[in-house]
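Novice: Coordinates only, no sequence provided:
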């Protein structure tokens, strides 16, 4: 799944906010999460526990991984509960 798109359309902050996603700021990448969409498969926490740690607040720290690592993990989310927006325009 491409975490930068919804229905083959590039996501925007406004779109994700309207759909109930919460924003987790990073320097180069913002990660968005929607608890109501999540099916708790755990690909994120297994994929990179430095970025995704359920017992920590905030539980997502985008800067604890590289952009490429974060995107790779987000794209394994089967429900679409995780999305991202790159700040470098790519």
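Specialist: Arrived safely, thanks for sending. Bear in mind the structure is a predicted one, so any value in this text is a computation, not a measurement.
Novice: which residues of the chain fall in helices?
Specialist: 13-18, 43-47, 67-74 (DSSP state H).
Novice: Kindly reformat those helices as a markdown table containing mean neighbour count and mean pLDDT.
Specialist: In this view, the C-beta of every residue, glycine as well, is placed from N, C-alpha and C. Output for the helices of the chain, formatted as a markdown table (neighbours: other CB atoms under 10 Å; pLDDT from 0 to 100):
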| stretch | mean neighbour count | mean pLDDT |
| --- | --- | --- |
| helix 13-18 | 13 | 97 |
| helix 43-47 | 18 | 97 |
| helix 67-74 | 19 | 97 |
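Novice: could those be laid out in JSON lines, adding distance to residue 35?
Specialist: Output for these, formatted as JSON lines (distance: least, CB to CB, whole Å):
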{"stretch": "helix 13-18", "distance to residue 35": "13"}
{"stretch": "helix 43-47", "distance to residue 35": "12"}
{"stretch": "helix 67-74", "distance to residue 35": "15"}
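Novice: Which one of those helices lies nearest to residue 36?
Specialist: helix 13-18 (12.6 Å; CB to CB).
Novice: Packing partners of the closest one?
Specialist: strand 22-24, strand 82-86 (3 or more CB pairs under 8 Å, 6 or more residues apart in numbering; DSSP states H and E).
Novice: which residues are in contact with that helix?
Specialist: Residues outside helix 13-18 that contact it (CB atoms under 8 Å, 6 or more residues apart in numbering) are 6, 9, 23, 30, 32, 34, 83, 85.
Novice: Residue ranges in this structure under the pLDDT threshold?
Specialist: By pLDDT under 70, the chain contains no weakly predicted segment.
Novice: gap between the nearest residue to residue 88 once chain neighbours are set aside and residue 51?
Specialist: Leaving aside its sequence neighbours, residue 88 sits nearest to residue 28 (CB to CB, 6 or more residues apart in numbering; 6.1 Å). Distance, residue 28 to residue 51, by CB to CB, to the nearest Å: 13 Å.
Novice: Looking at these two, which is more packed in?
Specialist: residue 51 (23 against 13; other CB atoms under 10 Å).
Novice: Quick check: that one touching residue 61?
Specialist: Yes. Applying CB atoms under 8 Å as the test, residue 51 and residue 61 come out as touching, 6.0 Å apart.
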